[in-house]
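In: Predicted model, plus sequence, below.
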Amino acid sequence: MLFRRRIQGLLTDSIIDLVPVYLGEVDKEYGFGEVKEWKITLHGRLREIGRISLRMGEGPGIYYFGHIGYHIDPPWRGHRYARRACELLRTELNRSGKSSVVITTDVDNIASQKTCLGIGAVLERIVDVPVVYQKRWSLSARKCRYVWKLGKEYGQI
């Protein structure tokens, strides 16, 4: 089934669409700031194949969660859809004025690490996650922190 109307805020590259599903502010204590979320669909389709979120804050939670979080449902993995979804957020990020953002991955999530490298993000370090974050959000004990520099000077737009 194809979309019959234009969805405000839809981002597309003609392979996948990012359909907005949430906008708000969550957990002020941890500094996530404004949070935007999109479902990832194949272009022109309604079926969700994953999600991507963007946290605009700069608080302590961003250090372990990152600005961008994504997942692709198992049947749809291996097609670089997460990478495409990140690239689609570039316009949104440039509009925000950020010069770089952080993406964190689990140390054993090779696919997510490949996504980070594929968009040009650089591994900054591997960090131990405080127990309070592990318990509150069921995070892994260690995270890889990737920094993605944005803008023309980094050869990507």
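Out: Right, received. Where do you want to start? Residues are numbered from 1 along each chain as shown.

In: center of this protein, which residue is that?
Out: For the chain, the residue nearest the mean C-alpha position is residue 68 (2.9 Å; CA atoms, centre = their mean).

In: what ranges do the strands span in this structure?
Out: Assigned by DSSP state E, the chain shows strands spanning 11-12, 16-25, 34-42, 48-55, 68-72, 100-106, 122-128, 142-149.

In: dump the residue contacts of the residue nearest to the centre of the chain.
Out: Taking CB atoms under 8 Å, 6 or more residues apart in numbering as the criterion, residue 68 is in contact with 52, 53, 54, 55, 86, 89, 101, 102, 103, 148. (Glycine included, C-beta is placed from N, CA and C.)

In: most neighbours, which of these?
Out: residue 55 (26 neighbours; other CB atoms under 10 Å).

In: How much space separates that residue from residue 135?
Out: Distance, residue 55 to residue 135, by CB to CB, to the nearest Å: 20 Å.

In: on that earlier part again, which of the strands of the chain comes out lowest on mean pLDDT?
Out: For these, the weakest mean pLDDT is recorded on strand 16-25, namely a mean of 86.

In: Packing partners of that strand?
Out: Judged by 3 or more CB pairs under 8 Å, 6 or more residues apart in numbering; DSSP states H and E, strand 16-25 is in contact with strand 11-12, strand 34-42, strand 48-55, helix 81-88.

In: at 7 Å instead, please
Out: In this structure, strand 16-25 packs against strand 34-42, helix 81-88, with contacts taken as 3 or more CB pairs under 7 Å, 6 or more residues apart in numbering; DSSP states H and E.

In: List the contacts of the last one.
Out: Residues outside helix 81-88 that contact it (CB atoms under 7 Å, 6 or more residues apart in numbering) are 11, 13, 15-16, 18, 40, 49-50, 52, 68, 70, 72, 115, 118-119.

In: How far does that helix sit from its chain's centre?
Out: A distance of 8 Å separates the centroid of the chain from that of helix 81-88, by CA atoms, centre = their mean, to the nearest Å.

In: could you give me the average pLDDT of that helix?
Out: Mean pLDDT, computed over helix 81-88, is 97.

In: which parts of that helix are buried?
Out: Of the residues in helix 81-88, 81, 82, 83, 84, 85, 86, 87, 88 count as buried by neighbour count, 16 or more other CB atoms under 10 Å.
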